[in-house]
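J.: Prediction below, plus the sequence it came from.
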Protein chains: 2
Amino acid sequence: MSQVIPVREALKLSQGEEVTVRGWVYRRRDLGDKAFVVVRDSTGIIQAVFSPSARGHDAARRVTVESSVIVSGRLRDDPRAPGGKEIQGENLEIVSLADNFPIRRDASREFLLEVRHLAVRSRKLTAVLKIRDTAFAALHEWFRTNGYYEVQAPMFVSAAVEGGATLFPVKYVDGSTVYLTQSSQFYLEALIFSLEKVYTVAPSFRAEKSRTRRHLTEYWHAEAEAAWMGLEGILKVEEELISHIVRRVLEKNHDELTFLGRDLSRLKLVEPPFPRISYDKAIEILQNKGVGIKWGDDLGADEERVLTMEFDKPFFLYGFPESVKAFYHKNDPSRPSVTLSADLLAPEGYGEIIGGGERIDKLEELVEKIKRFGLNPSDYEWYLDLRRYGSVPHAGFGLGMDRLVMWIAGLDHIVDSLPFPRTTSRTYP
Amino acid sequence: MSQVIPVREALKLSQGEEVTVRGWVYRRRDLGDKAFVVVRDSTGIIQAVFSPSARGHDAARRVTVESSVIVSGRLRDDPRAPGGKEIQGENLEIVSLADNFPIRRDASREFLLEVRHLAVRSRKLTAVLKIRDTAFAALHEWFRTNGYYEVQAPMFVSAAVEGGATLFPVKYVDGSTVYLTQSSQFYLEALIFSLEKVYTVAPSFRAEKSRTRRHLTEYWHAEAEAAWMGLEGILKVEEELISHIVRRVLEKNHDELTFLGRDLSRLKLVEPPFPRISYDKAIEILQNKGVGIKWGDDLGADEERVLTMEFDKPFFLYGFPESVKAFYHKNDPSRPSVTLSADLLAPEGYGEIIGGGERIDKLEELVEKIKRFGLNPSDYEWYLDLRRYGSVPHAGFGLGMDRLVMWIAGLDHIVDSLPFPRTTSRTYP
Ligand SMILES: [Mg+2]
Ligand SMILES: [Mg+2]
């Protein structure tokens, strides 16, 4: 038996070469006296054909789908086989014979989620997970190359950054109640006084009851914060970062994107600068399209979807009214009714993937705005301290990694952007 | 005013060159009619001296510690100044004048934790956070270079991997009770059937009531799992990974390690292979040193500390009795009373940073062991499925990132290895 090689490598060898691959049985059928076994590993699939004279013929006939196997034989060109080549099977060792695999072609979405520990083997999810891996790698790469330090903020927090209604309370070891974090932003703001430019990639939690195609109760959140930066600077960071990630996925995951049927030409458009439209303009566009919305209203998923149809690449929506954005956003000095913030919306109906902007850096301005929002400044004591001791202008943003992957991979539901999604109705397996 | 540059760059310029730096006032004093202001940014500290004739002299006299400032002037060699150079100050712009900074030299550990949002600015914590950043970067780099895919497992789980007593329960949106994850291992095991070699870096949670120098209730956990790998293979991965991380920290953080007083010669010893001692031998060593321990007992922090004094580099402790390791560890076929697992212990008293080994891959063996441990196989249904459908030999490990940083940076308490530690008594700020 030759040395085990990945399926992808085997497919590059020439007719007549001896190969050994190992993996799982993807398909199996008999045709006349021959047994056809398609083997998948993490790199691809390859077909092996066993004639009655082959040592592995019997094993090839009785092996079941998803059994783990080691297959050896000689490579042979065959235009009908997946990858244009097949193995003329010599031996097939069954490492572990699988029970009757419960996943069928016609399985419902709900059933697939119930057996997610098995469904992650599908070629679709495998492709998505590879794209997701590239997206995470490219994110780290961009930040590190651009002078950002990776940091970690706590998951247990004693107060909410935004909306208390969507907090998960946890009973702590000392008997007190703490909450699961919704954002690391405030902690990143504290760390810019040490490291100036920081980022983190970590879970965030929202006890959101709404069932939508783009909400998870637990999601992966990439957040960044930079000292001495304003709105203009942070938008540049966002468009450079997103373009870099998409470029890397196009480079490394051409096969996976193609397998998923993703329109590559759409992704190739993702280059800076991204279009910018004002909230005012967005309201006008929506009203012209007959959407019942007026200045001052927040944009929901439906409004976002309508807007995204106007663009073929990601675009910034800026100049939101004060009331629809969190209190920490700095108001525009030249037009105090709107904030120096922007959302980044992905095209093709995907909508918001980033929210960010310039933070209030003056103590008085922050205290006043907290009060104006009906909140209690004493709940934000340590956050206010950051404005008492050497405050600097700064800006930052939060990127939903799962939504990013959903858009890049062209998925129709966020649950398929990560291996074990948590939604309002699902925490198993 | 010249363009703003990092302090580290300013210190490389020559006498007479014009410089502008910005950051925070680290120290300030008057000497005769001159004002001395030491400015820190994320890259270092530099002193600026303001004569009465300098435009910024008045500001330099009244500026307070931790105020944010922009300082410009001409560089001058001065062997007495930190870094061997100082700025002959021309102007000092106070961006934000700080209130009386609450942290004094004699601050207690407890007070420093209470104002951690300000304490993170200390040169010590800044140095540690840079080392930590390098450790995370090097970890990602090693895994990606070696064919591992980064994945993310859920934080909300419906059952415990180990010890139910240390679980944090969370009331979920649907009214059910879920738990915060203690390990992503089972999920990584599911994912090897898709990606073969996977890793993750994510928070894990332990509702541990013990107050020690090395326990956190929330910690950063790097975990890996590989298909077609046994104990020997995974120990090689561990020693290569740890050596790579230490090498990178030595390369990139020489200044930070030196500032922290770390003995670099100890870190330079960290190269593969790592010594391996059996549990049997460890018991013998401990008994010879008069420690009251017998074969079959687990090793606690105290026993580990004694053992680590015998080694000047990390070492593996293998062959633990079945009863002291979790049920999923494969027993050694040639000696079934012990497991094919190993802990990696850091020297100099630090102790366990990794636990890992080969997993049971046969269904019957796993079911029997679950029962032998007094657990209920039906609580592990989906985990058992991984042995029903194409099981493969596999191994993996979990690395405590905070403990790793604690050891590399030579810290005496784990709370200083991360920015916002969570312990039994602390969830603020
Ligand atoms: Mg929105
Ligand atoms: Mg132990």
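T.: Arrived safely. Numbering: from 1, shown residues only, chains lettered A, B, ... in the order given. Ligands and ions are numbered 1, 2, ... in the order given.

J.: My guess is A:Ala222 contacts A:Ser204. True?
T.: No: using CB atoms under 8 Å as the test, A:Ala222 is too far from A:Ser204 to be in contact (9.9 Å). C-betas here are computed from N, CA, C, even on glycine.

J.: got any residues that touch both of the two?
T.: Listed as contacting both A:Ala222 and A:Ser204 by CB atoms under 8 Å, 6 or more residues apart in numbering or on different chains are A:Gly398.

J.: pLDDT at the residue of chain A most remote from its centre, what is it?
T.: Most distant residue from the mean C-alpha position of chain A: A:Ser53, 48.7 Å away (CA atoms, centre = their mean). Note for A:Ser53: predicted pLDDT of 98.

J.: next one: the one 3 residues further on
T.: What the model reports as pLDDT for A:Gly56 is 98.

J.: who does the nearest residue to it once chain neighbours are set aside bridge with?
T.: Nearest non-adjacent residue to A:Gly56, counting by CB to CB, 6 or more residues apart in numbering or on different chains: A:Leu92, 3.3 Å away. Using DSSP bridges, the beta-bridge partners of A:Leu92 come out as A:Val71.

J.: Would you mind measuring from A:Leu92 to A:Arg29?
T.: Distance of A:Leu92 to A:Arg29, given as CB to CB, to the nearest Å: 14 Å.

J.: cool, A:Gln15 as well?
T.: 23 Å.

J.: mind listing the helices for the stretch 251-400 of chain A?
T.: Along the stretch 251-400 of chain A, the stretches classed as helices by DSSP state H, counting those that start in this stretch are A:254-259, A:264-268, A:279-288, A:301-308, A:363-372, A:381-388.

J.: in chain A, which ranges drop under the pLDDT threshold?
T.: Along chain A, segments meeting pLDDT under 70 span A:160-163.

J.: what's the domain layout of it?
T.: A:7-96, A:114-417 (automatic domain parsing).

J.: so how far does the shortest one reach from one end to the other?
T.: Distance between the two ends of domain A:7-96: 19 Å, counting by CA to CA, to the nearest Å.

J.: quick one on the thing from earlier: quick one: the residue nearest to A:Gly56 and A:Val49 touch, right?
T.: No: with contacts counted by CB under 8 Å, A:Leu92 stays clear of A:Val49, the gap being 10.9 Å.

J.: coming back round to it: what strand or helix carries the residue farthest from the centre of chain A?
T.: Remark: A:Ser53 resides in no helix or strand, with elements defined by DSSP states H and E.

J.: if I look at it, how far off is A:Gly73?
T.: A:Ser53 sits at a distance of 12 Å from A:Gly73 (criterion: CB to CB).

J.: ditto for A:Ala135
T.: 37 Å.

J.: and A:Ala81, what does it touch?
T.: Counted by CB under 8 Å, 6+ apart, A:Ala81 has contacts A:Ile46, A:Gln47.

J.: separation between it and A:Glu322?
T.: 62 Å.

J.: Phi and psi next, for A:His57.
T.: A:His57 has phi and psi values of phi -60, psi -50 when expressed as degrees, to the nearest 10.

J.: from what I can see it touches A:Ser51, true?
T.: Yes: using CB under 8 Å, A:His57 makes contact with A:Ser51 at a distance of 6.7 Å.

J.: So which of the two has more stuff around it?
T.: For A:His57 versus A:Ser51, the count of surrounding residues by other CB atoms under 10 Å in any protein chain shown is larger for A:His57: 18 against 15.

J.: Give me the spatial nearest neighbour of the more buried one, chain neighbours excluded.
T.: Once flanking residues are discounted, A:His57 sits nearest to A:Phe50: 4.5 Å by CB to CB, 6+ apart.

J.: now that neighbour: how far from A:Gln88?
T.: A:Phe50 sits 9 Å away from A:Gln88, going by CB to CB.

J.: between the two, which one's more packed in?
T.: A:Phe50 (28 against 17).

J.: what's the distance between the more buried one and A:Met1?
T.: Distance from A:Phe50 to A:Met1, by CB to CB: 15 Å.

J.: With A:Arg55 instead?
T.: The value you get for A:Arg55 to A:Met1, if CB to CB is used, is 11 Å.

J.: Could you do A:Leu267 as well?
T.: A:Leu267 is 42 Å from A:Met1, where distance means CB to CB.

J.: neighbour count winner among those two?
T.: Taking other CB under 10 Å, A:Leu267 and A:Met1 do not tie; A:Leu267 has more neighbours (18 against 13).

J.: picking that back up, B:Ile242 is nearest to which of the helices of the stretch 251-400 of chain A?
T.: Of all those, helix A:254-259 sits nearest to B:Ile242, with 31.7 Å by CB to CB.

J.: Show me what counts as buried in the closest one.
T.: Neighbour counts using 16 or more other CB atoms under 10 Å in any protein chain shown place A:Glu256, A:Leu257 of helix A:254-259 among the buried residues.

J.: Same question for stretch A:335-343.
T.: A:Val338, A:Thr339, A:Leu340, A:Ser341, A:Ala342, A:Asp343.

J.: check contacts around the last one.
T.: Contacts for A:Asp343 (CB under 8 Å, 6+ apart) come out as A:Phe316, A:Leu317, A:Phe320, A:Glu352, A:Ile354, A:Gly355, A:Gly356.

J.: Could you tell me which of these are located in strands?
T.: Judged by DSSP state E, the subset of the contacts of A:Asp343 located in strands is A:Phe316, A:Leu317, A:Glu352, A:Ile354, A:Gly355, A:Gly356.

J.: Please name the nearest non-neighbouring residue to the fifth one.
T.: Yep, that's A:Gly355 we're talking about. Using CB to CB, 6+ apart, the closest residue to A:Gly355 is A:Asp343 (5.2 Å).

J.: Would you mind measuring from the one you found to chain B?
T.: From A:Asp343 across to chain B, the span is 24 Å (CB to the nearest CB, to the nearest Å).

J.: unless I'm mixing things up, A:Ile354 is touching A:Gly396, no?
T.: No: applying CB under 8 Å as the test, A:Ile354 and A:Gly396 come out as separate, 10.5 Å apart.

J.: Check the offset of stretch A:104-118 from the chain's centre.
T.: Its chain's average C-alpha position is 21 Å from that of stretch A:104-118, according to CA atoms, centre = their mean, to the nearest Å.

J.: circling back to that earlier point, and A:Leu92 and A:Val49? Which one has more around it.
T.: A direct count of neighbours by other CB under 10 Å for A:Leu92 and A:Val49 places A:Leu92 higher, at 28 against 19.

J.: if I pick that one, what's in contact with it?
T.: A:Val37, A:Ala48, A:Phe50, A:Gly56, A:Ala59, A:Ala60, A:Val63, A:Val69, A:Ile70, A:Val71.

J.: Out of the residues you listed, list just those in helices.
T.: A:Ala59, A:Ala60 (DSSP state H).

J.: with the contacts of A:Leu92 in mind, which one is nearest to B:Asp416?
T.: A:Ile70 (49.1 Å).

J.: Neighbours of the closest one, how many?
T.: By other CB under 10 Å, 18 other residues sit near A:Ile70.

J.: now the strands: where do they sit in the stretch 101-250 of chain A?
T.: Counting by DSSP state E, counting those that start in this stretch, one finds strands in the stretch 101-250 of chain A at the ranges A:149-150, A:156-157, A:169-171, A:177-180, A:197-205, A:218-227.

J.: okay, those strands in CSV with mean neighbour count and distance to chain B next?
T.: As requested, those are exported to CSV (neighbours: other CB atoms under 10 Å in any protein chain shown; distance: least, CB to the nearest CB, whole Å):
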stretch, mean neighbour count, distance to chain B
strand A:149-150, 22, 4
strand A:156-157, 22, 5
strand A:169-171, 16, 5
strand A:177-180, 20, 5
strand A:197-205, 24, 5
strand A:218-227, 25, 5
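
J.: now the ones you listed as a markdown table including distance to B:Lys281?
T.: Shown next, in a markdown table, are those (distance: least, CB to CB, whole Å):
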| stretch | distance to B:Lys281 |
| --- | --- |
| strand A:149-150 | 39 |
| strand A:156-157 | 40 |
| strand A:169-171 | 42 |
| strand A:177-180 | 43 |
| strand A:197-205 | 40 |
| strand A:218-227 | 43 |
